[in-house]
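Colleague: Got a predicted structure here, sequence first:
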Amino acid sequence: MLSTRFLVTLAIICCVTFGRIFYITLLTNVDSDAVVMEMVQNGRDSGISDGGGCHFDLPGGEFTLRSTRLERDLMRGASTCRNVRRPLPESIQTNGRWQVHDTDDDKVVLYSAFYDDRPATGVVPWLRILGVAKLANRTHYCHVWYRGCETPYVATVVVNQTGRDGGYGINNIRYVQYLFSCRLAGAEPVPSHVSVVADRCAQSTVYVPVERPVRAEPDVEFGVCVAIAFGNIPTPIFVEWIELTWLLGVREFNVYDAGMVKMTDVFDFYTRRGWLKVHKMGPPVIDRNGTNSTVKVNHCEFSLKQHMHDPVYKP
């Protein structure tokens, strides 16, 4: 049996040890926070800071503990890569609507980015980026761009495969469909653009606008996502399909156009009605052999989940 004196001595040693660790950690955090808060104050006073001149438009513009903490977190993230700047228009590589970041190890082709603040995501929102890629086995990063800040807020990318396991072979390269997710510091402000890189402070050649879907009023119960289409559908057949489906309760139609012809008039008619949304979606990568291999990105289903009730029907 251990004596009471031994147990008391052991407890004191443990308390002193953990106390020292906590004290050292606290001093480190205080010192780090002091540096960041000095940057915040400098930015407020002069509009210029080591973080590239960051000024965040926080909700209400009020000086509160919560807003100060959020601004501190944003400034800390924006001070990670102080020499990185927004991609210039001439440096952005595009293929139609797709944007391309091509390095030795990575080939990333992005279609769109969403601001995801649904309750299911947790306390803070995420950016969801849809694309296809050949990825190196390494950590990737989001450069999140806010209005009023010349340097990016840097966040680690969470990569989820959303397409088929084997991906798609294009030009002897295997492209896989992914959902790239980046956690934000807070709900406001909403970023304007996002870039993705493999090296934390590398300059990117993608600058994707961030979409924030607005919940439909009144609520939409059912939506339709029409798989990527090309060629021509006779107008009477298309009209019959969309009118009947509307009568069955569908209130939003999304068509992904990869080169349809002779459909402009009927598309325009239902777009003006507010029923139809037509999205241009050519192939993300042009096949050198002349056959455009189309990679499907489930842009429609994700955007619909943001502002309407499930289920989503995909013919």
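Modeller: Sure thing, it's come through. Numbering: from 1, shown residues only.
Colleague: Could you tell me the end-to-end distance of stretch 126-142?
Modeller: End-to-end distance of stretch 126-142 (CA to CA, to the nearest Å): 11 Å.
Colleague: Let me know the average pLDDT across that stretch.
Modeller: Across stretch 126-142, the average pLDDT comes to 91.
Colleague: what comes up buried for that stretch?
Modeller: Using 16 or more other CB atoms under 10 Å as the test for burial, stretch 126-142 gives 126-135, 140-142. Glycine gets a C-beta too; all of them are placed from N, C-alpha and C.
Colleague: Would you reformat these as TSV and include secondary structure and distance to Phe238?
Modeller: TSV is the format used below for these (DSSP: H, G, I helix; E, B strand; the rest coil; distance: CB to CB, whole Å):
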residue	secondary structure	distance to Phe238
Trp126	strand	36
Leu127	strand	35
Arg128	strand	31
Ile129	strand	32
Leu130	strand	27
Gly131	strand	30
Val132	strand	29
Ala133	strand	34
Lys134	strand	37
Leu135	coil	39
His140	coil	41
Tyr141	strand	44
Cys142	strand	39
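Colleague: wait, which of the residues you listed is closest to Cys182?
Modeller: Cys142 (3.6 Å; CB to CB).
Colleague: contacting residues for that closest one?
Modeller: Counting by CB atoms under 8 Å, 6 or more residues apart in numbering, Cys142 touches Leu127, Ile129, Pro152, Val154, Ala155, Thr156, Val157, Phe180, Cys182, Val194, Ser195, Val196.
Colleague: Show the model's pLDDT score for the third one.
Modeller: Translated: Pro152. As predicted, Pro152 sits at a pLDDT of 91.
Colleague: what are the ranges of the helices in this protein?
Modeller: 4-46, 65-78, 235-247, 264-273, 299-307 (DSSP state H).
Colleague: one step back: just name the closest of the buried residues of stretch 126-142 to Pro283, please.
Modeller: Set against Pro283, the nearest of those by CB to CB is Val132 (9.8 Å).
Colleague: Tell me which two of the buried residues of stretch 126-142 sit farthest apart.
Modeller: Among the buried residues of stretch 126-142, Trp126 and Lys134 lie farthest apart (CB to CB), at 23.7 Å.
Colleague: can you redo the contacts of Cys142 as CSV with distance to Thr103?
Modeller: Converted to CSV, the contacts of Cys142 look like this (distance: CB to CB, whole Å):
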residue, distance to Thr103
Leu127, 21
Ile129, 17
Pro152, 17
Val154, 18
Ala155, 19
Thr156, 18
Val157, 15
Phe180, 16
Cys182, 19
Val194, 17
Ser195, 13
Val196, 11
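Colleague: Buried only: go through those for me.
Modeller: Here, 16+ other CB under 10 Å leaves Leu127, Ile129, Pro152, Val154, Ala155, Val157, Phe180, Cys182, Val194, Ser195, Val196 buried among the contacts of Cys142.
Colleague: so how far is Asp117 from the closest residue to Gln177 other than its chain neighbours?
Modeller: Spatial nearest neighbour of Gln177, excluding adjacent residues (CB to CB, 6 or more residues apart in numbering): Gly163 at 2.8 Å. Look at Gly163 and Asp117: by CB to CB, to the nearest Å, they are 25 Å apart.
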